[in-house]
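[1] sharing a model that was predicted from the sequence below.
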Amino acid sequence: MARRERTRHLIELGGLVQKAGLVDLAADDRQVLYGAFLDIAMRMRSDDAAHAAALFKRRGARAFADEAEQAAEAEREKVRAAFRQRSDAE
């Protein structure tokens, strides 16, 4: 079971890499991606690690919230469109 959980965790992390747009920005170049991750790790090990972590966390939280709002707005638009279509049919 631990192997399955680890696999799921790794897939989710890969999804975050994709969601952040890094795959496209790096032209799917593993060396570029690995170098970027090493840069993040270096920042997280620096004397300013707490500040870097707080900054990354705020940016991530903001991005998740924006994405959730966009999804909610898309869902509301679907409902409005269905309502308009239903009203037009009557």
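    Arrived safely. Numbers count the residues shown, from 1 in each chain.

[2] count the residues that sit near residue 22.
    When neighbours are counted by other C-beta atoms under 10 Å, residue 22 registers 15. To be clear about C-beta, it is placed using only N, CA and C from the backbone, and glycine gets the same treatment.

[3] an error on my part: the question was meant for residue 77.
    By the other C-beta under 10 Å criterion, the neighbourhood of residue 77 contains 10 residues.

[4] helix or strand for it, which one?
    helix 49-89 (DSSP states H and E).

[5] for residue 14, same thing?
    Residue 14 belongs to helix 2-19 when elements are defined using DSSP H and E.

[6] coming back round to it: which helices and strands sit right next to the helix holding residue 77?
    Contact here means 3 or more C-beta pairs under 8 Å, 6 or more residues apart in numbering; DSSP states H and E; on that basis helix 49-89 packs against helix 30-45.

[7] just the buried residues of the helix it packs on, please?
    Buried residues in helix 30-45, counting neighbours by 16 or more other C-beta atoms under 10 Å, are found at residue 33.

[8] which parts of this structure belong to which domain?
    In the assignment given by automatic domain parsing, the structural domains of the chain cover 1-45, 48-90.

[9] if I average pLDDT within each of those, which one is lowest?
    Lowest mean pLDDT within the domains of the chain: domain 48-90, a mean of 92.

[10] count the residues that sit near residue 26.
    Here the number of neighbours of residue 26 (other C-beta under 10 Å) works out to 16.

[11] which residue comes closest to it once chain neighbours are left out?
    The shortest distance from residue 26 to any residue that is not its chain neighbour, by C-beta to C-beta, 6 or more residues apart in numbering, is 3.9 Å, and that residue is residue 32.

[12] now residue 47: how far from residue 35?
    In this view, residue 47 and residue 35 are 22 Å apart by C-beta to C-beta, to the nearest Å.

[13] ok, and what's touching the helix holding residue 14?
    23, 33 (C-beta atoms under 8 Å, 6 or more residues apart in numbering).

[14] when you give positions from now on, start the count at 512
    I'll keep to 512 as the first residue from here, and by that count the last item is helix 513-530.
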